[in-house]
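Q: fold the following and give me the result.
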Amino acid sequence: MIENYQLSPHFTFFELTKTDKPQFQEANRDVPDEMLRNLYALAWGILEPVRVHYNRPLHVHSCWRCPLLNRALAGASSTSQHCYAQAADFDVDGIPSKDLFDWIRLRSRLPFGQVIHEPPSTVHLSLGKPIWRRSGEALRRFADTDEHGDVSFRYERIE
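A: Just a heads-up that it's a prediction; the model follows:
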């Protein structure tokens with residue numbers, strides 16, 4: 001059985017490996033060592049500074065995704081930084097997601113690779129610059145539904 005432990009003062013291993021799909025929970029907690037290093041970096045370098053700045057609970061919706069879980073998610077990219085434990089989707093109690101998004105991209109000085117505002121309430125934030133993306137990229141996500149009810153996403157760059 002996998003034990004829970006602190007990755008940083010405010011974030012646990014279980015918190016950053018949880019999923020709302022119970023059939024994948026055990027597989028999603030089997031984190032390879034190289035990804036575990038990324039989880040520590042994400043907790044200390046990205047999530048802790050946001051939590052400390054606002055001094056309010058930060059709720060992680062998605063962080064590490066094992067390949068099995070990622071394939072099961074509609075619209076999830078196979079190149080998602082979640083698959084490398086380098087990204088988190090979260091909100092902060094009492095802080096509008098647009099305000100959180102703007103603070104991160106304009107004033108936080110965090111070493112992020114990408115920040116995405118995912119209305120109505122979530123922000124996606126990833127670690128530093130992957131080789132295929134410019135550092136500090138800010139995007140807003142939009143969901144489009146076709147006539148069959150299938151959802152696709154498009155992104156708008158925010159300067």
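Q: close enough to count as contact, Val92 and Tyr54?
A: Yes: assessed by Cβ atoms under 8 Å, Val92 is found in contact with Tyr54 at 5.0 Å. From N, CA and C alone the C-beta is placed, and that goes for glycine too.
Q: identify the contacts common to those two.
A: Leu100 (Cβ atoms under 8 Å, 6 or more residues apart in numbering).
Q: neighbour count: the two, which is higher?
A: Using other Cβ atoms under 10 Å, the more surrounded residue of Val92 and Tyr54 is Val92, with 21 against 16.
Q: for the more buried one, give the beta-bridge partners.
A: Taking DSSP bridges, one finds Leu58 as the beta-bridge partners of Val92.
Q: let me know whether Thr12 touches Tyr5 as I believe.
A: Yes: applying Cβ under 8 Å as the test, Thr12 and Tyr5 come out as touching, 6.7 Å apart.
Q: higher neighbour count, the two?
A: A count of neighbours by other Cβ under 10 Å puts Thr12 above the other of Thr12 and Tyr5, at 15 against 8.
Q: tell me what that one is bridged to.
A: Counting by DSSP bridges, Thr12 forms beta bridges with Gln6.
Q: can you pull the contacts of Cys63?
A: 15-18, 39, 42, 82, 85, 87-89.
Q: could I get those residues in JSON lines, plus columns for secondary structure?
A: Below are those laid out as JSON lines (DSSP: H, G, I helix; E, B strand; the rest coil):
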{"residue": "Glu15", "secondary structure": "helix"}
{"residue": "Leu16", "secondary structure": "helix"}
{"residue": "Thr17", "secondary structure": "helix"}
{"residue": "Lys18", "secondary structure": "coil"}
{"residue": "Leu39", "secondary structure": "helix"}
{"residue": "Leu42", "secondary structure": "helix"}
{"residue": "His82", "secondary structure": "helix"}
{"residue": "Ala85", "secondary structure": "coil"}
{"residue": "Ala87", "secondary structure": "strand"}
{"residue": "Ala88", "secondary structure": "strand"}
{"residue": "Asp89", "secondary structure": "strand"}
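Q: list just the nearest of those residues to Met1.
A: Set against Met1, the nearest of the contacts of Cys63 by Cβ to Cβ is Thr17 (13.9 Å).
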